[in-house]
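Novice: Using only what follows, build the 3D model:
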Amino acid sequence: MVWCAARSLYLPAIEVRAVCTRAPVAAGIGCASVVGTSLWRSSSASFRSKPFACLGIATVPSIKEAVQTEKAPAALGPYSQAIKTNNLVFVSGVLGLVPQTGKFISDSVEDQTEQVLKNMGEILKASGASYSSVVKTTIMLADLKDFNKVNEIYAKYFPSPAPARSTYQVAALPLDARIEIECIAAL
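Specialist: The predicted structure is shown next:
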């Protein structure tokens, strides 16, 4: 069995049978490592496992980068508006605050939802993502009876296919908000 790792790394093909014996073997070069072993041996040839090789390639080390924009409200505590890492953006919970005043746009869930999604859009833009790259959202509502009102507004922002989503009613939200939304987007 011959297995070629990755053309971009110019690694030679590996003869797995030559690497794998009864004892586990591990070899590493830079960020790539190859591991081989004989897994399970049985006296019956039909159940004898084949040796295997696994190649893990880390081409980019994990880097955590904070995203910050003045076009969205600042974080209310010791956390970032968003974090970029491994081609993903994790946007912290966003409230319906007007960035310039730090106050809610209004007390209505409709207005707060609209403002939350505008704020989220600015954070996504600052990170290099957009609504269309969002893969998961989590909505926290002060009152689950607002679910349908929120859905009408939410649907205007996320193109098909809509991201995966969870929605919860919570006991309370920061600053007595009516809604908070967080998301994960791909870069």
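
Novice: and the lengthiest helix in the chain, what does it pack onto?
Specialist: Criterion DSSP state H: the longest helix present in the chain is helix 109-127. When contacts are defined as 3 or more C-beta pairs under 8 Å, 6 or more residues apart in numbering; DSSP states H and E, helix 109-127 sits against strand 65-67, strand 82-85, strand 88-94, helix 147-157, strand 179-186. In short, each C-beta sits where N, CA and C put it, glycine included.

Novice: Ser130: which of these is closest?
Specialist: Each of these has some distance to Ser130 by C-beta to C-beta; the shortest is strand 179-186, at 7.6 Å.

Novice: Compute the inter-axis angle for the closest one and helix 109-127.
Specialist: Calculated by axes from the mean of the first three to the mean of the last three C-alpha atoms, to 10 degrees, strand 179-186 forms an angle of 30 degrees with helix 109-127.

Novice: Make 283 the first number, not 1, from now on.
Specialist: Got it, the first residue is 283 from now on, which makes the last one we talked about strand 461-468.

Novice: buried stuff in strand 461-468?
Specialist: Going by neighbour count (16 or more other C-beta atoms under 10 Å), the buried part of strand 461-468 is 461-467.

Novice: Of these, which is the nearest to Val452?
Specialist: Glu462 (8.1 Å).

Novice: was I right about the closest one contacting Tyr450?
Specialist: No. Under the criterion of C-beta atoms under 8 Å, Glu462 makes no contact with Tyr450, lying 10.0 Å away.
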